[in-house]
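Trainee: Here is a sequence together with a model predicted from it:
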Amino acid sequence: MTLAAVDPMALWYLARGSGLVLLGVLTVNLVLGILIQGGWHPERWPRFAVQGLHRNFALLAVVLLAIHVVTIELDPYVPVGWWAVLIPFVSPYRPIWLGLGTLSLDLLAAVVVTSLLRAHLRPGLWRLTHWLAYLSWPVALLHSLGTGTDSRLGWVFVYEMICLGAVVATLMVRLARASSQDLYTRVFAMLATAAVPVAVLIWSTTGPLQAGWAKKAGTPTAVIASGTGSHSASPGLFTASFTGTLASSATGSGQLATIAGTVLGGPGGSLRVLLQGKATSDGGLSISGGSATFQPGSGGAAYQGSLVGVSGSMLELAMRSASSGFSIPVDLLLSQAGAGSQLTGWLYFGTSPPASSGSQGDQG
């Protein structure tokens, strides 16, 4: 099947994607900074080339940061507020964790401004401000772990831990070669550095990776409610089986296929997917677009969205809550249940399907 459609969730993907790439760029820049301070550079590279690479990564980080901030503000998912871009901890959405992102932005902005004014500043003041760039990295990492639900996607958490591991490993090498420090000081510093990823892992598994973190982190009930009163609860992240039927009909512009069925697992509920396209010679459908509606069985608000991709028998959907604006990626993996129009499959609501499931067309 083929798909030719514009992603209606571009802001959603761009905001989160730019944030993750930014964390990686900041990590590389920090690693380079630590190595340069230790006097390292490749034998075939002059020192100024390594320093230039360090500066270019810093400039790339500034560009990604601007994209991240603007797309977060334009995305209607949550009312972050423009003041929260400059002043930490004032946003109504997860104030602590979003505030850490703002603090990281302010630290980087101080470095950029003082670098532009370096010729007019005392070297000691510029050097002190430049060190703030190193502080912005751990603040950005905590922001990434604590703010969004992306960390609960396995590959995102692994990526964040790789960034942490790269910095920790670089610091360990730097400390091991710090001959100017006495042995006891170096050993203590290395033990403290090695304890950081352990502490972050323990905190993550007992905090951001746990169900219910959104509420604990300070998400307003208008976005994701507690499930009582007049508010509609978010179904959270889940994987569930799906059983339904496939019906096709001709339209004036092509063919329409309707997938409708029941979600068995998680909050339960019903799912309906409409696929538009043209019939192929082998009886299939060349898809040009589609829409979807998911109604949780728990009585929460309905989710509506669009088809953004097709991979084998996997339909990739971008869905958003009709009441709160909560947005989430959803994958529907389908297989035919014998002859006829009966379908079975698996629904991945914000969770990651198996890597090979798109081509296999089964849960496995």
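Mentor: Arrived safely, thanks for sending. Residues are numbered from 1 along each chain as shown.
Trainee: residues near the residue nearest to residue 133 when sequence neighbours are not counted, how many?
Mentor: Of all residues not flanking residue 133 in the chain, residue 111 sits nearest, at 4.6 Å (Cβ to Cβ, 6 or more residues apart in numbering). Any C-beta I mention is one placed from the backbone N, CA and C, and that applies to glycine too. By other Cβ atoms under 10 Å, 22 other residues sit near residue 111.
Trainee: isn't residue 111 right next to residue 132, touching?
Mentor: Yes - Residue 111 sits in contact with residue 132 when judged by Cβ atoms under 8 Å, with a separation of 5.8 Å.
Trainee: Let me see the contact set for residue 307.
Mentor: With contacts defined as Cβ atoms under 8 Å, 6 or more residues apart in numbering, residue 307 is in contact with 3, 5, 273, 275, 287, 289, 290, 291, 292, 315, 316, 317.
Trainee: which residues touch the fourth one?
Mentor: Right, residue 275. 256, 257, 258, 259, 285, 287, 289, 290, 307, 315.
Trainee: so is it in a helix, a strand, or just coil?
Mentor: strand (DSSP: H, G, I helix; E, B strand; the rest coil).
Trainee: Low-confidence regions, the stretch 1-150 of the chain specifically.
Mentor: For the stretch 1-150 of the chain, residues meeting the criterion pLDDT under 70 lie at 1-10, 41-42, 75-79, 148-150.
Trainee: change it to 80
Mentor: Per-residue confidence for the stretch 1-150 of the chain (pLDDT under 80) gives these ranges: 1-13, 37-51, 74-82, 93, 115-116, 130-133, 148-150.
Trainee: That one: helices as residue ranges?
Mentor: 10-37, 47-74, 83-86, 95-116, 123-130, 132-147 (DSSP state H, counting those that start in this stretch).
Trainee: One more: the stretch 251-364 of the chain?
Mentor: So, for the stretch 251-364 of the chain - with DSSP H, counting those that start in this stretch - the helices run 357-360.
Trainee: that older thread, quick check on the contacts of residue 307: which are buried?
Mentor: Buried members of these, counted by 16 or more other Cβ atoms under 10 Å: 3, 273, 275, 287, 290, 291, 292, 315, 316, 317.
Trainee: For the top strand by length along the chain, C-alpha coordinates in PDB please.
Mentor: If you go by DSSP state E, the chain has its longest strand at strand 238-251. Output in PDB follows, covering the C-alpha atoms of strand 238-251 (Å, rounded to 0.1, in the frame of the first residue of the first chain):
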ATOM      1  CA  PHE A 238      -1.200   0.700  26.600                       C
ATOM      2  CA  THR A 239      -1.000  -2.200  24.200                       C
ATOM      3  CA  ALA A 240      -4.200  -4.100  23.400                       C
ATOM      4  CA  SER A 241      -5.600  -6.700  21.000                       C
ATOM      5  CA  PHE A 242      -8.100  -5.600  18.400                       C
ATOM      6  CA  THR A 243     -10.900  -7.500  16.600                       C
ATOM      7  CA  GLY A 244     -13.100  -6.100  13.900                       C
ATOM      8  CA  THR A 245     -14.300  -6.100  10.400                       C
ATOM      9  CA  LEU A 246     -13.300  -4.500   7.100                       C
ATOM     10  CA  ALA A 247     -15.900  -3.100   4.700                       C
ATOM     11  CA  SER A 248     -15.200  -1.500   1.300                       C
ATOM     12  CA  SER A 249     -17.400   0.800  -0.800                       C
ATOM     13  CA  ALA A 250     -16.900   2.800  -4.000                       C
ATOM     14  CA  THR A 251     -17.000   6.600  -3.900                       C
END
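Trainee: Remind me what it packs against, helices and strands.
Mentor: strand 254-264, strand 269-279, strand 342-349 (3 or more Cβ pairs under 8 Å, 6 or more residues apart in numbering; DSSP states H and E).
Trainee: list the buried ones in that strand?
Mentor: So strand 238-251, judged by 16+ other Cβ under 10 Å, has buried residues 238, 239, 240, 242, 244, 246.
Trainee: quick one: contacts for residue 99?
Mentor: 84, 88, 89, 90, 91 are the contacts of residue 99 under Cβ under 8 Å, 6+ apart.
Trainee: My error: substitute residue 121 in the last question.
Mentor: Neighbouring residues of residue 121 by Cβ under 8 Å, 6+ apart: residue 114.
Trainee: one step back: out of the helices and strands packed on strand 238-251, which one sits most buried?
Mentor: strand 342-349 (a mean of 22; mean count of other Cβ atoms under 10 Å).
Trainee: Residue 290 and residue 277, how far apart?
Mentor: Noted for residue 290: a distance of 8 Å to residue 277, by Cβ to Cβ, to the nearest Å.
Trainee: For the spatially closest residue to residue 61 that is not a sequence neighbour, the count of nearby residues, please.
Mentor: Nearest residue to residue 61 in three dimensions, chain neighbours excluded: residue 25, at 4.8 Å (Cβ to Cβ, 6+ apart). By the measure other Cβ under 10 Å, the count of residues near residue 25 is 19.
Trainee: wait, doesn't residue 25 sit right on residue 57?
Mentor: Yes - if you go by Cβ under 8 Å, residue 25 and residue 57 touch, sitting 5.9 Å apart.
Trainee: Residue 263 contacts residue 271, correct?
Mentor: Yes - between residue 263 and residue 271 there is a contact under Cβ under 8 Å: 5.6 Å.
Trainee: list residues touching both of those two?
Mentor: 242, 294, 347.
Trainee: For those residues, could you give me JSON lines that also reports pLDDT and distance to residue 207?
Mentor: Shown next, in JSON lines, are those (pLDDT from 0 to 100; distance: Cβ to Cβ, whole Å):
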{"residue": "242", "pLDDT": "93", "distance to residue 207": "31"}
{"residue": "294", "pLDDT": "93", "distance to residue 207": "28"}
{"residue": "347", "pLDDT": "93", "distance to residue 207": "27"}
